[in-house]
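**Student:** predicted coordinates and the sequence they were generated for:
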Amino acid sequence: MLSGFLMSYLYLDRDFSKDNVGHYFIARAGRVLPLYVAVVSGSFLLSLNGNDSLYNIPDINSLLGHLLFIYWDSVLWSIPAEIQFYLIFILF
């Protein structure tokens, strides 16, 4: 609920233009994606070496599933939901 309020407060008064949508996507992606990609990639690399990582990403299919926001494992479930929310928010 708080995220919905903050997103509305920050973005609903702006014009729907190509520039504003571009800035929106850059701001949202910059907030979430760098750390998510680092955690998923690091977990995958640790799994390749036989180490138990916090998040089990044992093969390339699992890695791609996480990077394409298809798999929702452990605490990583919230990131695909957040990305989907960002995409749906544009419609509003």
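**Tutor:** In hand now; what should we look at?
**Student:** gap between residue 15 and residue 23?
**Tutor:** Per CB to CB, to the nearest Å, residue 15 is found 11 Å from residue 23. Backbone N, C-alpha and C define where each C-beta goes, glycine included.
**Student:** of these two, who's got more company?
**Tutor:** Taking other CB atoms under 10 Å, residue 15 and residue 23 do not tie; residue 23 has more neighbours (13 against 7).
**Student:** and the more buried one, what's its pLDDT?
**Tutor:** Here, the pLDDT recorded for residue 23 equals 87.
**Student:** assign it to helix, strand or coil.
**Tutor:** At residue 23, secondary structure determined by DSSP: H, G, I helix; E, B strand; the rest coil is helix.
**Student:** if you count neighbours, what's buried in stretch 62-74?
**Tutor:** 62, 63, 65, 66, 67, 69, 71 (16 or more other CB atoms under 10 Å).
**Student:** sketch out the low-pLDDT regions of this structure for me.
**Tutor:** 1-4, 52-53 (pLDDT under 70).
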